[in-house]
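> Next input, structure requested:
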Amino acid sequence: MALASIAQAAPVGKRDIVGDATYYYPGVGACGITNTNADFIVAVSAQYFDTFPGYAGGNPNNNPVCGRSIQANYQGRSVTVAVTDRCVGCAYGDIDLTPAAFGQLADLSVGRIHGVSWNLL
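Have a look, this model is predicted:
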């Protein structure tokens, strides 16, 4: 039970979350917003999305994390993106970025980068 409490408390703080970053080709996201590859948006893990404070389940468009900005950092580079989607295949701290956003952190040919830190702004 204590682990669930820690996981649910993490989004409200300013501390960094660390995980992997990948990229995907978006469409209509879990927040009900249509995005393109050129948009600076992110899909957060399903676990993070589903346990975000103030979200009671049901319609994901009503999740208070939708539209929140995060800053992701990797090897001295950073990018600011808006949360508009939910990544089912991501571990808790992982994020899935659009190609435009991922390209600010690493070349797309890398595909997956490890040790990306991010936090809510």
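
> Quickly list what the residue nearest the centre of the chain is bridged to.
The central residue of the chain, meaning the one whose C-alpha is nearest the mean C-alpha position (CA atoms, centre = their mean), is residue 44 at 2.9 Å. The residues listed as beta-bridge partners of residue 44 by DSSP bridges are residue 86, residue 95.

> Give the phi and psi angles for the closest residue to residue 34 other than its chain neighbours, as a check.
Counting by CB to CB, 6 or more residues apart in numbering, the nearest residue to residue 34 once its immediate chain neighbours are dropped is residue 28, at 5.0 Å. Glycine gets a C-beta too; all of them are placed from N, C-alpha and C. With angles defined as degrees, to the nearest 10, residue 28 shows backbone torsions of phi -90, psi 120.

> if I look at residue 28, how far off is residue 88?
As judged by CB to CB, to the nearest Å, residue 28 and residue 88 stand 15 Å apart.
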